[in-house]
Each structure stands twice: as structure tokens, then as C-alpha cells.
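**Q** give me coordinates for this.
(3 chains)
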Amino acid sequence: MAISSAETASYLLMALTHDSHSHSQSPSDGSGSGGAGDSEDSQTGGRRRRPPRQKINARERYRTFNVNAAYEALRSMIPTEPINRKLSKIEIIRLASSYINHLSSTLQAGTDFQPCLLHKYENEGGGAGGHTRRISICTFCLKSK
DNA sequence: TAGGCCATCTGGTCCT
DNA sequence: AGGACCAGATGGCCTA
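**A** Model (predicted):
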């Protein structure tokens, strides 16, 4: 995947507009890496004839591309160390959620020094409950100094 | 080498 | 009817 996202986008758009008549090579046309790989299906031995899927596949690739672009946009808003640390999609979602909580606590607490901890204590009356509670340490609180 | 992650294909369902 | 969205299946790549 050494292709820039701009190139990928234009390629996907091309694939969409010129929908399907190209059985030619492309990063993955027809049978990429997954699935049954027989999008043509009816070759020599095949009896059934399914409608061509290239156009639908191209649309799905374009949709996936847009989803990934959204992931990238979200990723760019999450501070990490190092700044360009690779995050999986599930990490992006979890960290983004956590970061939103952190920012929200920062607003409520009026400080950016461990706001999540402060906010938690304010909300819960400082731990008057009798039983021990687990204190979850916010990743972003740990980093802030 | 196993496990995690990902892209792609595909069929189903819902919506316009 | 066609497109968007989704989930399952599958195979490739990468890392511990």
C-alpha cells in the first residue's frame, strides 16, 4: 500500500465511473485477496451465471475508502506519543471516546491537570460509599503535566 | 508460526 | 431498480 490516498481516491473514482468493462489488472479487480475470488464465476467449468459484480465491488471499495478517510480524520485529532504512532481502527475508536471524555472533564474541572480524576471525585462526593472503588486512570490525564 | 489487523468480495436488507 | 449499508468469509501482510 504505497499508494497515496489521493491516488487511491482517483483510482477508485475511475473504477466507479468506468464501472466494469475493465477486466484488466488493478490492485484487485475481480478477485482480490478475499472472498470466493470468483467474481466472474462462469468460466470454463462454471454453469451458473451470476451478474457481474465489478461495479458493485468498486462501489464497496469506494465506500470502504471513505470509511478509512473518516478513520484517518478522527485519528489526526487524537494526541499520541509518538505523534505518528500507528493505531488500529478499534484503538482509534476507543482512544477517541476516551479523549472526548477527557476533554469534557477538562471543561468541567477547569484545569487540564488530571481533570478526569478531579471530575470523578466531584461527581461522586469524594468516595463516600463505604466500599473501595476502582479508579480508572485516564490515558490523557497521565500524559498531561 | 500463531494471532491480529486489514482489504476485498459477496449476499442480504433497507432506503430512496 | 439501484444504491447504501452491513456482516460474514477469506486470504494476505506483519509482528511478537
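**Q** now A:T106: closest residue in space, sequence neighbours ignored.
**A** Nearest residue to A:T106, sequence neighbours excluded (Cβ to Cβ, 6 or more residues apart in numbering): A:P115, at 4.3 Å. All C-beta spots, glycine's among them, are computed from the backbone N, C-alpha and C.
**Q** and A:L74, what element?
**A** Assessed by DSSP states H and E, A:L74 sits inside helix A:54-75.
**Q** quick one, helices of chain A?
**A** Using DSSP state H, the helices found in chain A span residues A:5-17, A:54-75, A:89-109, A:115-124, A:139-143.
**Q** buried residues in the shortest one?
**A** Just to be clear, that refers to helix A:139-143. Under the neighbour-count criterion of 16 or more other Cβ atoms under 10 Å, helix A:139-143 has A:T139, A:F140, A:C141 buried.
**Q** restrict it to CA atoms and write it as CSV.
**A** What follows is helix A:139-143, C-alpha atoms only, in CSV (Å, rounded to 0.1, in the frame of the first residue of the first chain):
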residue,chain,number,x,y,z
THR,A,139,-4.6,7.9,29.5
PHE,A,140,-4.6,11.6,28.6
CYS,A,141,-4.5,12.7,32.2
LEU,A,142,-1.4,10.7,32.7
LYS,A,143,0.3,12.5,29.8
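**Q** sorry, back to before: can you redo the buried residues of helix A:139-143 as JSON lines with pLDDT and distance to A:I90?
**A** Below are the buried residues of helix A:139-143 laid out as JSON lines (pLDDT from 0 to 100; distance: Cβ to Cβ, whole Å):
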{"residue": "A:T139", "pLDDT": "83", "distance to A:I90": "15"}
{"residue": "A:F140", "pLDDT": "88", "distance to A:I90": "18"}
{"residue": "A:C141", "pLDDT": "85", "distance to A:I90": "22"}
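**Q** what residue ranges in chain A score low on pLDDT?
**A** In the predicted model, chain A carries pLDDT under 70 at residues A:1-7, A:13, A:15-51, A:118-136, A:144-145.
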